[in-house]
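Q: Sequence and predicted model, in that order:
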Amino acid sequence: MTGILPILLENARKVVNLLLTSSKEYICIMRLHRKVDEDKLIEIVREFRGQIYQIPPRKSAIKRRLRVRTIYQLNVLEIDMPFVLMHIECEAGVYIRKLCYDIGEALGCGANMYKLRRIRSGVFKEDETMVTLHDIRDAYEIYKETGDESLLRKVIRPMEYALQEFHKVFIKDSAVSAICHGAQLATPGIVKVSKGIKQGDPVVIYTLKGEAVAIGEALMSSEDMIKKRRATCVKTIRVLMDKSLYPKMWKRTH
Amino acid sequence: MFKEEFYFRSSEESTDYSYGYNPYHRPLDMYIKNGVINLDKPRGPSSHQVTSWVREILEIKKIGHAGTLDI
């Protein structure tokens, strides 16, 4: 299996739980255990679009019980019996090996995953940001030998890059330190918010410089965050920013 | 791709550049420690193994990955 594997360095590991909820895209070669009619194959594959049921494989780390997962896109690109090239776009937590097995069962011929390449994980895709192990080694060697940081700064992206698909809440400088100390966000601290936030959605709190301060859970809609005079609007789940970066500006109450 | 629209609560607010950094302009050590990599995992080694190699290359202590490619 090859393809997109987002790597999180040091402090950026704190965003892992959020990234694990991102949708994924794959290119897969499935091998059928005997030849079948191509029209029937395409028809059966189509039935796996939408909601499917999967039990996590024995090898996985999570509890093995039946789960519902959504397949957004599932297309047969090429058939070269017994190999079937497919493009899959799905919710987080879909096991492609299992999907191939289940398609094989539905076809009655049996099938297994032959090759898999992940072409997207959240915002990480096969674009100019994608690098190989060699690229990372080269960039670090050049930095160490010449002091030139430019390649290294291309190979590594700020954690904010990974968070861009999630709703955003921008806050005032004066509210940053309190959030870094674990406080919940109150509406007066807000400057602007993404449209379309619903109660319960994950959000990322940012400074006006675009630095991620924390991951939180919206306690109200975008509209209410703007309208409510004074209310707690985001519950802080995971602080991402170092406490020492912004000065303490909140009033001490005795 | 993720062009977003916003609702404003306060349009006058500005930020003080005597503290904090634009994420792309953090000092290098801080930039790395708050960094992510869009890695193209090669065939063969496990996700865990590849992640561990990145840690060795960059001479950092802690590293993780978001979603194994091994199952």
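A: Great, that's in hand. Residues are numbered from 1 along each chain as shown, chains lettered A, B, ... in the order given.

Q: Which stretches in the stretch 51-200 of chain A count as helices?
A: Using DSSP state H, counting those that start in this stretch, the helices assigned to the stretch 51-200 of chain A run over residues A:96-107, A:133-146, A:150-155, A:159-162, A:173-180.

Q: And chain B, by the same measure?
A: Under the criterion DSSP state H, helices of chain B are mapped to B:28-33, B:47-58.

Q: for the longest one, which positions count as buried?
A: Buried residues in helix B:47-58, counting neighbours by 16 or more other Cβ atoms under 10 Å in any protein chain shown, are found at B:Ser47, B:Val50, B:Thr51, B:Trp53, B:Val54, B:Arg55, B:Ile57, B:Leu58. C-beta coordinates here come from the backbone N, C-alpha and C atoms, glycine included.

Q: and the residue nearest to the second one when sequence neighbours are not counted, how many neighbours does it have?
A: Beyond its immediate neighbours in the sequence, the residue positioned closest to B:Val50 (Cβ to Cβ, 6 or more residues apart in numbering or on different chains) is B:Lys41, lying 5.4 Å away. Around B:Lys41 sit 25 other residues, with neighbours defined as other Cβ atoms under 10 Å in any protein chain shown.

Q: How about the contacts made by B:Lys41?
A: Counting by Cβ atoms under 8 Å, 6 or more residues apart in numbering or on different chains, B:Lys41 touches A:Met1, A:Thr2, A:Gly3, A:Ile4, A:Leu5, B:Ser47, B:Val50, B:Leu69.

Q: how about 10 Å then?
A: A:1-5, A:7, A:117-118, A:132-133, B:47, B:49-51, B:65, B:68-70 (Cβ atoms under 10 Å, 6 or more residues apart in numbering or on different chains).

Q: Which pLDDT value belongs to it?
A: If you check B:Lys41, the pLDDT there is 96.

Q: Just grab the bridge partners of it for me.
A: In this entry, B:Lys41 is beta-bridged to A:Gly3, by DSSP bridges.
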